[in-house]
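J.: Prediction below, plus the sequence it came from.
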Amino acid sequence: MTLALVTMSHSPLLEFVDPPAEVKAQVEVAFEAARAFVKDYDPDLVINIGPDHYNGFFYDIMPPFCIGYEAVAIGDFGTQAGALDVPKELAAELTDYLMHRDIDMTVSLRMEVDHGAVQPMEIIYGDITAKPILPIFVNSVAPPFTPLRRIRQLGEGIGAFVKEHLADKKVLIIGSGGLSHEPPVPQIATATPEVRQSLLGGGRHLTPEARDARQQRVISAAKDFAAGINVVKPLAPEWDRELMRILATGDLSPIDEWSPDEMTEVAGNSSHEVRTWIAAYAALGVVGEYTVDYSFYRPIPEYIAGFGVTIASLK
Ligand SMILES: O=C(O)CCc1cccc(O)c1O
Ligand SMILES: [Fe+2]
């Protein structure tokens with residue numbers, strides 16, 4: 001058994017907005033580092049922790065986290081669509097294991113996922129079906145949010161499962177999202193009646209026209225943001241660096257004290273995507289002491305993201 005970790009920010013704007021060449025080159029170096037690491041490690045199985053942006057999960061029922069026994073990518077922003085290769089029985093075993101550790105997993109027998117879940121697989125492998133994958137959704141955009149302690153415990157449960165039940169496997173855990181950012185994802189608290197309907201489930205399976213309109217809104221917000229028009233909350237590089245520092249120490253306990261409201265205030269509505277990183281690091285930490293082998297960070301307004309990539313492995 002062994003476990004390794006890759007966390008990366010995602011942004012659907014990678015293909016739609018053009019940062020300066022030097023920035024793009026840096027991001028490409030970071031992606032290449034992740035690809036090279038994963039190629040060398042060559043995992044048998046991926047545990048993929050990702051958020052959703054009102055494509056698969058809505059306010060009719062919004063779980064704090066959920067595991068998919070099957071998963072289908074919706075293909076937003078030109079990402080790869082279609083079924084992931086989920087080992088269903090293993091997903092059920094992991095669920096059972098977590099339930100017995102007092103983690104009340106929600107299950108989906110057919111989970112829909114968006115760019116937030118699949119972009120790292122696409123960047124690393126060029127194919128979201130390249131490896132068997134256990135898809136775990138963590139709510140990162142829809143308040144109320146479960147305390148960070150629960151996210152750590154979820155991650156620790158996943159790590160313990162890897163240790164106990166996947167003794168003969170090489171496992172890669174991916175955390176997708178973050179860091180500080182506030183893209184124009186609608187908020188229930190400020191939603192018009194029409195937007196509220198869409199957050200309640202009306203936004204599922206959009207028509208191509210509605211999908212395009214939704215994406216164009218995000219793309220034009222990114223262009224404005226990059227031009228210095230503060231259409232969205234500024235990025236918070238200090239907050240991002242502090243989180244990355246804590247994750248690298250191996251002691252995640254300081255994060256338990258973070259309040260979701262304060263995260264939103266300081267680092268933006270979508271900063272909760274770092275929950276995917278926290279769960280992934282907590283999993284790795286349970287398997288053994290780790291080192292962060294690679295770490296990239298840069299605030300990139302064109303992508304509306306405090307943009308980070310990290311790779312960590314057991315000592
Ligand atoms: O689907 C959407 O509208 C949100 C898109 C989006 C934009 C920037 C950074 C992200 O992490 C992100 O997910
Ligand atoms: Fe996102």
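T.: Thanks, I have it. Ligands and ions are numbered 1, 2, ... in the order given.
J.: and this structure, which residues reach ligand 1?
T.: Contacts of the chain with ligand 1, taken as C-beta under 6 Å from any ligand atom, map to 10-13, 53, 116, 177, 181, 183, 185, 218, 270, 273, 304-305. For every residue, glycine as well, the C-beta is placed using N, CA and C.
J.: Just give the number of residues close to the closest residue in space to Pro12 that isn't next to it in sequence.
T.: Spatial nearest neighbour of Pro12, excluding adjacent residues (C-beta to C-beta, 6 or more residues apart in numbering): Phe77 at 3.4 Å. Residues within reach of Phe77, counting by other C-beta atoms under 10 Å, total 21.
J.: For Phe77, give me the backbone phi and psi.
T.: Per-residue torsions, Phe77: phi 50, psi 40 (degrees, to the nearest 10).
J.: Identify the residues contacting Tyr303.
T.: Residues counted as contacts of Tyr303 (C-beta atoms under 8 Å, 6 or more residues apart in numbering) are Ser9, Ser11, Leu13, Leu14, Val17, Pro19, Ala222.
J.: again, 6 Å this time
T.: Ser11, Leu13 (C-beta atoms under 6 Å, 6 or more residues apart in numbering).
J.: just Glu302 next, same as before
T.: Val17, Pro19, Ala226.
J.: Dump the residues you listed to CSV, plus secondary structure.
T.: Formatted as CSV, those follow (DSSP: H, G, I helix; E, B strand; the rest coil):
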residue, secondary structure
Val17, coil
Pro19, coil
Ala226, helix
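J.: coming back round to it: what's the pLDDT at the residue nearest to Pro12?
T.: As predicted, Phe77 sits at a pLDDT of 97.
J.: Hmm, it is touching Asp114, no?
T.: No: the pair Phe77 / Asp114 is not scored as a contact, 8.3 Å apart, by C-beta atoms under 6 Å.
J.: what is the mean pLDDT for stretch 212-221?
T.: Average pLDDT, stretch 212-221: 95.
J.: can you dump the C-alpha coordinates of it into PDB?
T.: Provided in PDB are the C-alpha atoms of stretch 212-221 (Å, rounded to 0.1, in the frame of the first residue of the first chain):
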ATOM      1  CA  ASP A 212     -23.500  28.900 -23.100                       C
ATOM      2  CA  ALA A 213     -25.000  32.000 -21.400                       C
ATOM      3  CA  ARG A 214     -23.800  30.800 -18.000                       C
ATOM      4  CA  GLN A 215     -20.300  30.200 -19.200                       C
ATOM      5  CA  GLN A 216     -20.100  33.500 -21.000                       C
ATOM      6  CA  ARG A 217     -20.900  35.300 -17.800                       C
ATOM      7  CA  VAL A 218     -18.000  33.700 -16.100                       C
ATOM      8  CA  ILE A 219     -15.600  34.400 -19.000                       C
ATOM      9  CA  SER A 220     -16.600  38.000 -19.200                       C
ATOM     10  CA  ALA A 221     -16.200  38.400 -15.400                       C
END
